[in-house]
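# Give me coordinates for this.
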Amino acid sequence: MLTKRVTVTVHASDPLSRAGLISHLRHQPSLDVLPERGEDGRERAPGTEGEAAVAVMLADRIDESATAELRRLLRGRDQRVVLVAGELREPDLLSVVEYGVRAIIWRHQATEQRLLSAVHSAARGEGELPPDLVSRLLNQVGRLQRATAAGATAGGSVPLFGMAPREVDVLRLLAEGLDTRQISEKLAYSERTVKNILHALMTRLRLTNRAHAVAYALREGYI
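Residues are numbered from 1 along each chain as shown. You can find the predicted model right below:
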């Protein structure tokens, strides 16, 4: 079965780093790498003229300029970003996920195959995180979850929206790193049912992607 071609833009503050990413992606048969700037000389963001589906952004660290660039790339409708990161501090991790970044790859692990997989996952609306980042995300939202529970015990607010048991089941398996096919096999659902459950959940709670849904569920104490 032929893989649908995905159009990509590449963004990095360092021209040499950007050129390296482009060299990894440009000769992939399933990708079309668009110039960062259009014919008018303006910077091109995914989803604007040229129909780029995914933006690949390289950032050594999430500082003020990197955050501004992420927001610029994600401000349009249904933007999909793959972040190649040199380092991520814990306070930055949840923020990056909640911004709507679809996939994160460590810079030192950014092989051609990893980049290709992340781009196609992002184009499908799915996400990818390195295993060590999943662990850090779980720890971080666990702390937030306990703080939320303490606030509720002290008379604070409780989550406005609930989750159905099957939504929780799907998100729990998603948090364990299973993909759509594996979740469908585990729960004896069709893949379409799993996708519909996630789509309905994310639409109802206004969550940007699967990683954001897992983070929300963990933070609110559902998983």
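
# Would you map out the domains in the protein?
Annotated domains of the chain cover 6-128, 133-219 [automatic domain parsing].

# can you put those in a markdown table and add mean pLDDT?
Listed next are these as a markdown table, based on pLDDT from 0 to 100:
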| stretch | mean pLDDT |
| --- | --- |
| domain 6-128 | 81 |
| domain 133-219 | 75 |
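
# Any chance of the ones you listed in JSON lines with mean neighbour count as columns?
For glycine as for every other residue, the C-beta is placed from the backbone atoms N, C-alpha and C. As requested, these are arranged in JSON lines below (neighbours: other CB atoms under 10 Å):
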{"stretch": "domain 6-128", "mean neighbour count": "18"}
{"stretch": "domain 133-219", "mean neighbour count": "16"}
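
# give me phi/psi at Ser95?
phi -60, psi -40 (degrees, to the nearest 10).

# if I pick it, what's in contact with it?
Applying CB atoms under 8 Å, 6 or more residues apart in numbering, we find Ser95 in contact with Ile62, Thr67.

# What of Val82?
54-57, 101-105, 115, 118-119, 122.

# how much space between the residue at minimal distance from the centre of the chain and Ala211?
Nearest to the mean C-alpha position of the chain, counting by CA atoms, centre = their mean, stands Arg102 at 1.8 Å. To Ala211, Arg102 is 8 Å away according to CB to CB, to the nearest Å.

# Need the overlap of contacts for the two.
Gly127.

# Distance of the residue lying closest to the residue nearest to the centre of the chain once chain neighbours are set aside relative to Ala55?
Nearest in space to Arg102, with sequence neighbours left out and distances taken as CB to CB, 6 or more residues apart in numbering, is Ala122 at 3.7 Å. Ala122 sits 9 Å away from Ala55, going by CB to CB.

# between the two, what contacts are shared?
With CB under 8 Å, 6+ apart as the test, Ala122 and Ala55 both reach Arg80, Val81, Val82.

# ranges for the helices of this structure?
Using DSSP state H, the helices of the chain run over 15-26, 64-74, 90-99, 112-123, 131-153, 165-175, 180-187, 191-205, 210-219.

# and Tyr222, backbone torsions?
phi -80, psi -30.
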